[in-house]
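1. Here's my sequence, what's the structure:
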Amino acid sequence: MVTIMNKVQANAKPAGLRMTRQRRLILEELDAPGRHPTADAVYQQVRRRIPNISLGTVYRNLEVLSQAGMIRKLHIGSGQKRYDRKLHKHYHVHCVQCGRISDLPGGPFGDLEEVARGNSDFDIIGYELEFEGLCRQCKDSSPRQREPN
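-> As a prediction, this is how the structure comes out:
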């Protein structure tokens with residue numbers, strides 16, 4: 001816990017933010033490995049430690065942390081926004097059946113921003129790349145499709 005708090009406090013100083021208890025707990029929740037929670041999921045977890053926190057407070061703090069560059073707001077799938085603590089360039093894979101989102105292992109596949117710059121007249125400032133598929137659990141639980149005779 002001390003390591004996470006020190007990491008959170010160190011990251012707050014460059015952004016010029018006061019590290020409130022609410023922001024610290026939100027960041028701790030986002031530090032959990034492999035998580036890309038919605039605001040509602042963050043709220044449910046933080047509420048266990050601060051029972052009187054409001055959903056609005058969580059939404060506002062997620063927005064502040066996102067604007068400060070301390071977390072990433074993800075627009076994956078057709079559902080709610082999700083949040084990611086990993087700021088480096090990486091890709092996500094989204095299960096179209098259960099909605100689970102995972103980081104895709106490995107680094108960026110070439111320099112997509114350079115390709116986009118070379119093929120458009122846009123000033124490219126970033127990108128999000130999402131792969132879709134079925135996670136292992138959904139694939140294993142789906143009825144096997146029979147091949148035609």
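
2. how about stretch 120-128 as CSV, C-alpha atoms only?
-> Extracted C-alpha coordinates of stretch 120-128, given in CSV (Å, rounded to 0.1, in the frame of the first residue of the first chain):
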residue,chain,number,x,y,z
SER,A,120,-3.7,12.5,-44.4
ASP,A,121,-3.6,16.2,-43.9
PHE,A,122,-4.5,15.9,-40.2
ASP,A,123,-2.2,16.9,-37.4
ILE,A,124,-2.3,13.5,-35.6
ILE,A,125,-2.4,13.9,-31.8
GLY,A,126,-3.0,10.3,-30.8
TYR,A,127,-5.1,7.2,-31.5
GLU,A,128,-6.9,4.3,-29.9
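
3. With the flanking residues excluded, which residue is spatially nearest to the residue nearest the centre of the chain?
-> Compute the mean C-alpha point of the chain, and by Cα atoms, centre = their mean the closest residue is Asp84, 2.5 Å away. Using Cβ to Cβ, 6 or more residues apart in numbering and skipping the chain neighbours, the partner closest in space to Asp84 is Arg72 (4.4 Å). All C-beta atoms are positioned from the backbone trio N, CA, C, and that covers glycine.

4. Next SSE downstream of the least confident helix or strand in the chain by mean pLDDT?
-> When the helices and strands of the chain are scored by mean pLDDT, DSSP states H and E, helix 2-15 comes last with a mean of 44. Heading C-terminal from helix 2-15, the first helix or strand you meet, by DSSP states H and E, is helix 21-30.

5. can I see the domain layout of the chain?
-> Residue ranges for the domains of the chain, per automatic domain parsing: 1-84, 88-149.

6. Can you say which of those is packed in most?
-> Ranked by mean neighbour count, those are led by domain 1-84 with a mean of 15 (mean count of other Cβ atoms under 10 Å).

7. can you pull out the helices in this structure?
-> For the chain, the helices defined by DSSP state H occupy 2-15, 21-30, 39-47, 55-67, 112-118, 136-141.
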